[in-house]
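> Need a 3D model of the sequence below.
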Amino acid sequence: MAQSDVDTGQRLRELPSVDEVLRSLANTPLAPLPHWALVAAIRAEIDDLRRDIKAGSPSPTIVEIDPLKRRVEQLMRPSLRPVINATGVVLHTNLGRAPLAESALKFATDLARGYCNLEYELDQRKRGSRHDHIRALLAELTGAEDAVVVNNNAAAVLIALAALAKDKEVIVSRGELIEIGGSFRIPDVMVSSGATLREVGTTNRTHRRDYEDAISDETGLLLKVHPSNYVLSGFTAEVAMAELVSLGKERGIPTMFDLGSGTLLDLGEYGLPREPTVSVVVQAGFDLVTFSGDKLLGGPQAGIIVGSRARVEQIRRHPLMRALRPDKLTLGALEGTLRLYRDQNMLKTVPTLSMLSAKEDDLRQLADEAVETLARRITEGWSVEVTAVESRPGGGSLPEATLPSAAISLSNTQLSLEAIEARLRASDPPIIGRIEEDRFILDLRTVGRSQLRALIDGVVASTAEGGSDEKAG
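A predicted model of the protein is given here:
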């Protein structure tokens, strides 16, 4: 046996056991930490030492406190964590989409803290329905006869198709066979619902006669779908809402409009592209309208279905409702958000709407303040300046819209942009920005004044670390 093999074997035998390391920590600051985290961290450290020794590395055979502490802290850190969204994408799907209004959050928290009348009628002292709590509020805000809520808009489309068109054909324009993030595709949802897709028209042009020619005894629904994340322009044509509704009434076929993002406000008043509001679509006469709660509405993840009383009741009674119904937290947060719309106080209090409507001059002033503070606090080698940028609504909403914004631009003579991005992403809380045109950008449209101090402190802490990373080629 070679001497190196003997040495390796000897060093492996010198590695301590988990119990030995635990006993050695009895009088250290690590002792009060959770037993499970200590054991997992110790095992991982010993495994790394064993691997290094076998690879011929002159690693020590003792478990050191500092790396063990870092492992324990990492293990104890929750998987879901708050982050600072400095990407400028308001409805960032990867970062949780719409942040909730403070009053909506408090409303949901109060419900979660104890029991509530989720399915109990206080006046009648009998079992009630969770679906009754916000149906009147949604009807008031949209003009619909009735409303019901499920856990997201994909679920809303699925249960609507299953309730109205199972084993029947659903007619939809080829130009509206959308796919959005997460592989949500209208044709696939139809298959899952038990309905059969009947495409009409062409990608860019669909006419009333296309629907008329496709209608048969097998037709169960006329469906219109908002494209959400793309725009058709040029030589295009689509059937107007009123025209499609009229055709449905003439032939005795229900009609449905999947609005996707959905909005209760005329966004054109705030410099954004005009979208059909939910109330306008309801007034057009569609039997059902579906839309999201966590996009342009600015509430929690939810799928909202409004429309005629008879059609909504079909959905409410469908067997799938048991699987797709929302919980008390969703209903509470949604009711809290909708109350702000009823009070006409949403632009200031609903974060999504506040960010979408924020003025460029106000964001520029915010950026000037931040840069002035950062210039005094960051270490040598870093440069920081205010940069004009373009933000985006995101979330598959308003695909052509850009919002003039102001950002903090960071650079370092010794660090690549990727290294800067990694440092900020590793801060506490993590700061998520974007790389754009050879700059690292922190767009303040999605930060706002409430998080400005945390952003500045995080940047300062990140820029103070090391600084020896090599600049990427």
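> need the contact list for Ile315.
148, 159-160, 163, 288, 305, 321 (C-beta atoms under 8 Å, 6 or more residues apart in numbering). In this view, the C-beta of every residue, glycine as well, is placed from N, C-alpha and C.
> ditto for Leu105
333, 336.
> any idea of the mean pLDDT for the helix or strand encompassing it?
Assigned by DSSP states H and E, Leu105 belongs to helix 102-113. Here helix 102-113 scores 94 as its mean pLDDT.
> After that helix, which helix or strand is next?
Taking DSSP H and E, what comes next after helix 102-113 is strand 120-121.
> and that following strand, what other elements does it pack with?
Packing contacts for strand 120-121, counted by 3 or more C-beta pairs under 8 Å, 6 or more residues apart in numbering; DSSP states H and E, involve strand 126-127.
> In the longest helix along the chain, which residues are buried?
Counting residues, the longest helix found in the chain (DSSP state H) is helix 35-54. Neighbour-count burial for helix 35-54, counted by 16 or more other C-beta atoms under 10 Å, picks out 37-42, 44-46, 49, 53.
> Checking Gln149 next. Helix, strand or coil?
Careful, residue 149 is Val and not Gln. Secondary structure, DSSP: H, G, I helix; E, B strand; the rest coil: Val149 is strand.
> sorry, that was for Ala419
Three-state assignment for Ala419 (three-state DSSP): helix.
> How many residues are close by Glu269?
10 (other C-beta atoms under 10 Å).
> got a pLDDT number for it?
On pLDDT, Glu269 comes in at 81.
> what comes into contact with whichever strand or helix holds Gly458?
Taking DSSP H and E as the criterion, Gly458 maps to helix 452-464. Residues from elsewhere that reach helix 452-464 (C-beta under 8 Å, 6+ apart): 84, 86, 366, 369-370, 373-374, 377-379, 382, 408, 410, 412, 423-424, 426-429, 431, 442, 444, 447.
> Quick one: buried ones out of those residues?
84, 86, 366, 370, 373-374, 378, 382, 408, 410, 412, 423-424, 427, 431, 442, 444, 447.
> taking the residues you listed one by one, which sit in helices?
Per DSSP H, the buried ones among the contacts of helix 452-464 map to helices at 366, 370, 373-374, 423-424.
> Got the domain ranges for the chain?
Domains of the chain are assigned by automatic domain parsing as 3-76, 84-92+356-464, 102-346.
> now the end-to-end length of the last one.
When the termini of domain 102-346 are compared using C-alpha to C-alpha, to the nearest Å, they are 12 Å apart.
> The nearest residue to Ala195 once chain neighbours are set aside - how many residues pack around it?
In space, and not counting its chain neighbours, Ala195 is closest to Ala165: 4.1 Å by C-beta to C-beta, 6 or more residues apart in numbering. The local packing of Ala165 (other C-beta under 10 Å) involves 25 other residues.
> Also Leu297?
Counted by other C-beta under 10 Å, the residues lying close to Leu297 total 27.
> Would you agree it is in contact with Ala333?
No: using C-beta atoms under 8 Å, Leu297 makes no contact with Ala333, being 11.1 Å away.
> Could you list the low-pLDDT ranges of the stretch 351-473 of the chain?
Confidence mapping of the stretch 351-473 of the chain against pLDDT under 70 gives the ranges 465-473.
> Okay, strands next: where are they in it?
Ranges of strands in the stretch 351-473 of the chain, per DSSP state E, counting those that start in this stretch, are 382-394, 403-412, 431-432, 434-436, 439-443.
> Can you tell me which of these is nearest to Ala154?
Each of the strands of the stretch 351-473 of the chain was scored for nearness to Ala154 using C-beta to C-beta, and the closest is strand 382-394 (17.7 Å).
> Contacts only, for the closest residue to Val225 other than its chain neighbours.
In space, and not counting its chain neighbours, Val225 is closest to Glu176: 3.9 Å by C-beta to C-beta, 6+ apart. Glu176 sits next to 186, 223-227 when contact means C-beta under 8 Å, 6+ apart.
> what secondary structure does Leu221 sit in?
Once three-state DSSP is applied, Leu221 turns out strand.
> who's in contact with it?
Applying C-beta under 8 Å, 6+ apart, the residues contacting Leu221 are 161, 164-165, 168, 170-171, 195, 253-256.
> In strands only, show me the residues you listed.
Among the contacts of Leu221, the members falling in strands (DSSP state E) are 170-171, 255-256.
> Any idea what Ile431 is bridged to?
Ile84 (DSSP bridges).
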